[in-house]
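Q: Have a look; sequence and predicted model below, questions after that.
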Amino acid sequence: MSGVSATSHRRVAALPRRVPVSEVQGTLALDVQPRQEPPATPAPTLADPSGDEADIVPIDRTQRRELEAWVGRFGQAAVEIVGGDRPVTQLLRWTTAEVYEELQRRALLVGRAGHHRPGQGRVQPVRPKVVSVHSFFLTPRVVETSIHVRYGERSRALAARFEAPDDRWVCTALDWA
């Protein structure tokens, strides 16, 4: 050890005492006992007049079936409009201006892609068919629906919102998936 003086060893810090390693060090404290009780789930609530927590609105079965049948016809007309089989004007009375414009825009885009003019009675190679309609009543005058459409072996979904401000249902939103 040439060049290292005896005094330089005195400056080295002493090591702390050894601390025993705990058996659970580095592990998570988990309760591994199985739970015996079912998980807590909130009970469905009836419509709140304020509209804050409206989950379920009881609707007469006849009214629900009539509306779902009408929504099925609406959905069938909408997919035929977009496919070019019907003119968009057939749904003018039952749509808002925004929904009407979106239907018209989609029909034009599909027409350009398929090299046909929309609404001229073209028969699509595969006819779309509404398979099912499911509805959820937010209020007795507002309903949201899902519409399942089949195109041969393929499926498509439409989501729609209908409101009845007066004596007829009007589509206020229509989304394609």
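A: Thanks, I have the structure now. Residues are numbered from 1 along each chain as shown.

Q: drop to CA atoms for contacts and neighbour counts, all remaining ones
A: OK.

Q: for the lowest-mean-pLDDT helix or strand in the chain, packing partners?
A: Within the chain, no helix or strand scores below helix 97-114, which has a mean of 90 by mean pLDDT, DSSP states H and E. Applying 3 or more Cα pairs under 8 Å, 6 or more residues apart in numbering; DSSP states H and E, one finds that helix 97-114 makes contact with helix 61-83, strand 170-176.

Q: Can you tell me who the closest residue to residue 162 other than its chain neighbours pairs with across the strands?
A: Of all residues not flanking residue 162 in the chain, residue 171 sits nearest, at 4.4 Å (Cα to Cα, 6 or more residues apart in numbering). For residue 171, the beta-bridge partners are residue 95, residue 162 (DSSP bridges).

Q: would you turn the helices and strands packed on helix 97-114 into TSV with mean neighbour count, mean pLDDT and distance to residue 155?
A: Putting the helices and strands packed on helix 97-114 into TSV (neighbours: other Cα atoms under 10 Å; pLDDT from 0 to 100; distance: least, Cα to Cα, whole Å) gives the following:
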stretch	mean neighbour count	mean pLDDT	distance to residue 155
helix 61-83	18	93	12
strand 170-176	18	96	11
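
Q: To residue 149, which of these lies closest?
A: With Cα to Cα as the criterion, residue 149 lies closest to helix 61-83 of the helices and strands packed on helix 97-114, at 8.1 Å.

Q: For the closest one, report the contacting residues that lie outside it.
A: Applying Cα atoms under 8 Å, 6 or more residues apart in numbering, the external contacts of helix 61-83 come out as 86-88, 90-91, 103-104, 106-108, 110-111, 118-119, 124, 128-130, 132-135, 147, 158.

Q: Please identify the buried residues of the longest strand along the chain?
A: For the chain, the longest strand by residue count, based on DSSP state E, is strand 128-139. Neighbour counts over strand 128-139 (16 or more other Cα atoms under 10 Å) mark 128, 129, 130, 133, 135, 136, 137, 138, 139 as buried.

Q: Who are the packing partners of the next helix-or-strand element following it?
A: Later in the chain than strand 128-139, the nearest helix or strand by DSSP states H and E is strand 142-151. Other helices and strands packing on strand 142-151, by 3+ Cα pairs under 8 Å, 6+ apart, are strand 128-139, strand 154-163.

Q: could I get those as TSV with distance to residue 62?
A: TSV is the format used below for the helices and strands packed on strand 142-151 (distance: least, Cα to Cα, whole Å):
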stretch	distance to residue 62
strand 128-139	13
strand 154-163	18
